[in-house]
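S.K.: Turn this into a structure:
(chains A, B, C and D)
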2 protein chains.
Amino acid sequence: MFFGTFNHAIDAKGRTSLPARFREALAAAGEPRIVLMQYPHWRAILALPQSVWTELVKKVMSASPLDARWQRNVLKFVSTAHEVDLDVHGRVLVPPPLREWGGLEKEVVWVGMGNVIHLYDKAAYAEQMAADIPADQVVDLFGKS
Amino acid sequence: MFFGTFNHAIDAKGRTSLPARFREALAAAGEPRIVLMQYPHWRAILALPQSVWTELVKKVMSASPLDARWQRNVLKFVSTAHEVDLDVHGRVLVPPPLREWGGLEKEVVWVGMGNVIHLYDKAAYAEQMAADIPADQVVDLFGKS
DNA sequence: GCAGCTGGTGGGAAAAAGTGGCAAGACGCG
DNA sequence: CGCGTCTTGCCACTTTTTCCCACCAGCTGC
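M.R.: Purely as a prediction, here's the structure:
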């Protein structure tokens, strides 16, 4: 389970270290690697542990290769996925296309979202957090379900 | 149950000790750790005992990682949560992003709010207490529900 | 074909951050 | 006023993060 936000640096080669907390959580789940892809709804990079990724892939594979609607979604998002390894220091290399898409410059923010992790450029994160959620889309997480 | 306000110091590393009263209450409920997160409505840090937190997590985990509406809410309200342990002296480390968000400098104020606890910078607390509640938002706490 | 770039990797080591605990001082209670 | 509890400054130690350099492979141009 991933929670919390962490400010990290990303070096000139596009490497940034996964927060130790997340590494532990990953290790505890016995998942040594993660998958990075575009987050479909806004400018973030989605980082998934392998188990979540395979779930997603299963759905994708169940669609017909001729169903344009599905294929368009696959093309746009799933095709951006890269499996990445952590090096001895717990760093991941963010592939250039993703780096560019997420606008990752110098300072990045790792955000635990429960099952998955988001990775933002610092500015993009600030923007996203500052934006108000339209009233009709607010979910009362504290309310009775 | 948490009530009362306590003025404490926060050290250079961002540690501050949870009031002994609260520690007792926590211990009595058999909850050894707390969760810190942004309070959504104003510049305070929310501290939850684990039981309240797990309720929240259950809701979060039930959502799809690709459901934009949910994810936006999770990002804004839950992603800032950090589980923190108390050390032998009952101190917690407030993670940097939260420290920054709450403007915690040197003096902080712990406030018991019933089920949960708030943590403020002293100045922010004073400000919040000094502000008038808009007439249409006043609730008669003693009235019949 | 071979020396010299260039971009990608890996890792050493310094710096920064987090952890733990002692012990002094403040505080409150009887 | 004395005692015990709570809080906090400080110091030592560990872990994490980041900077930077060395190495390797592939390409280029001579």
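
S.K.: Need the contact partners of the helix or strand bottoming out on mean pLDDT in chain A.
M.R.: None of the helices or strands of chain A scores lower by mean pLDDT, DSSP states H and E than helix A:68-76, at a mean of 76. Applying Cβ atoms under 8 Å, 6 or more residues apart in numbering or on different chains, the contact partners of helix A:68-76 are A:38, A:40, A:60, A:63-65. C-betas here are computed from N, CA, C, even on glycine.

S.K.: out of those, which is most surrounded?
M.R.: Counting neighbours by other Cβ atoms under 10 Å in any protein chain shown, A:Gln38 leads those with 20 neighbours.

S.K.: show me where chain A has strands.
M.R.: A:2-9, A:15-17, A:34-38, A:45-49, A:82-84, A:91-93, A:107-114, A:117-121 (DSSP state E).

S.K.: Just want the most central residue of chain A.
M.R.: A:Leu46 (1.4 Å; Cα atoms, centre = their mean).

S.K.: Buried by neighbour count: which residues of the least confident helix or strand of chain A qualify?
M.R.: Neighbour counts over helix A:68-76 (16 or more other Cβ atoms under 10 Å in any protein chain shown) mark A:73-74 as buried.

S.K.: and the residue nearest to the centre of chain A, what does it touch?
M.R.: A:36-39, A:116-119, B:65.

S.K.: got the residues of chain A near DNA strand C?
M.R.: A:13, A:85, A:87-89, A:93, A:96 (Cβ under 7 Å from any atom of the strand).

S.K.: Try it again at 6 Å.
M.R.: Taking Cβ under 6 Å from any atom of the strand as the criterion, chain A approaches DNA strand C at residues A:13, A:87-89, A:93.

S.K.: want to try CSV for those, with neighbour count as columns?
M.R.: Formatted as CSV, those follow (neighbours: other Cβ atoms under 10 Å in any protein chain shown):
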residue, neighbour count
A:Lys13, 10
A:Asp87, 11
A:Val88, 5
A:His89, 8
A:Leu93, 18
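
S.K.: For the residues you listed, which two are the farthest from each other?
M.R.: A:Lys13 and A:Val88 (15.5 Å; Cβ to Cβ).

S.K.: Of the contacts of A:Leu46, which is the nearest to A:Gln128?
M.R.: With Cβ to Cβ as the yardstick, the closest approach to A:Gln128 among the contacts of A:Leu46 comes from A:His118, at 9.1 Å.

S.K.: Which strand residues bridge that closest one?
M.R.: Beta-bridge partners of A:His118, counted by DSSP bridges, are A:Leu46, A:Val111.

S.K.: Tell me how many other residues surround it.
M.R.: If we define neighbours as other Cβ under 10 Å, then A:His118 has 25 of them.

S.K.: show me the contacts for it.
M.R.: Counting by Cβ under 8 Å, 6+ apart, the residues that A:His118 touches are A:39, A:44-47, A:110-111, B:75, B:79.

S.K.: switch to 7 Å and redo it
M.R.: A:39, A:44-46, A:111 (Cβ atoms under 7 Å, 6 or more residues apart in numbering or on different chains).

S.K.: Over to A:Phe3?
M.R.: A:112, B:81-83.

S.K.: Excluding chain neighbours, what is closest to A:Glu107?
M.R.: Leaving aside its chain neighbours, A:Glu107 sits nearest to A:Lys122 (4.0 Å; criterion: Cβ to Cβ, 6 or more residues apart in numbering or on different chains).

S.K.: Now do the least confident helix or strand of chain A and strand A:34-38, the angle between them.
M.R.: 110 degrees (axes from the mean of the first three to the mean of the last three Cα atoms, to 10 degrees).

S.K.: Would you mark the buried spots in the helix ranked longest in chain A?
M.R.: Secondary structure assigned by DSSP state H gives helix A:50-62 as the longest helix of chain A. Neighbour-count burial for helix A:50-62 flags A:50, A:52-53, A:56 (criterion: 16+ other Cβ under 10 Å).
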